[in-house]
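# The following block contains a protein sequence and its predicted model.
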Amino acid sequence: MYVRVVSLYPKPGRMEAVAQFYSDCALPKLDTQPGFETLWLLVDRENDRLISIAQWSSLEALNAFDVTCIDEVEALTTLLVAPPRVDIYEMVLKAQAKFVPQALRFSSADFGLHTTEG
């Protein structure tokens with residue numbers, strides 16, 4: 001798996017517009033691309049920065065998307081103070097938290113309930 005990490009520095013007052021661009025334009029286009037798996041868009045309001053992380057099944061799939069998105073990238077750059085910084089990484093470890101239920105035994109007394117036997 002591979003990820004593309006894009007650092008974006010929006011013009012003053014344009015952070016929401018950049019996020020909206022991802023929602024309205026980039027995500028629908030990504031969803032149609034073979035090999036696209038996940039997109040995260042992170043906001044660092046303190047430093048006026050957004051980070052986009054897109055996960056891909058292969059380097060070939062990741063690179064194929066570059067060719068299909070030229071017009072959209074040009075539109076995005078009008079919202080930024082500088083061109084986006086793009087870094088590509090190979091994913092060597094992916095971990096997710098697991099919920100492992102434990103067998104618990106509760107009695108009605110645990111909830112303050114009292115039963116009567118009849």
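In hand now; what should we look at? Residues are numbered from 1 along each chain as shown.
# At the geometric centre of the chain, which residue do we find?
For the chain, the residue nearest the mean C-alpha position is Trp40 (0.9 Å; C-alpha atoms, centre = their mean).
# and the closest residue to Thr77 other than its chain neighbours, how many residues sit next to it?
Closest residue to Thr77 apart from its sequence neighbours, by C-beta to C-beta, 6 or more residues apart in numbering: Pro83 at 5.9 Å. Heads up, the C-betas are built off the backbone N, CA and C, glycines and all. When neighbours are defined as other C-beta atoms under 10 Å, Pro83 has 11 of them.
# Double-check that Pro83 belongs to a strand.
No - Pro83 is assigned coil when assessed by DSSP: H, G, I helix; E, B strand; the rest coil, not a strand.
# Look up the pLDDT of it for me, please.
On the pLDDT scale, Pro83 is placed at 89.
# coming back round to it: next helix or strand past the host helix or strand of the residue nearest to the centre of the chain?
Trp40 belongs to strand 36-44 when assigned by DSSP states H and E. Next helix or strand after strand 36-44 toward the C-terminus (DSSP H and E): strand 49-56.
# Give me the buried positions along that following strand.
Applying a neighbour-count criterion of 16 or more other C-beta atoms under 10 Å, the buried positions in strand 49-56 are 50, 52, 54-56.
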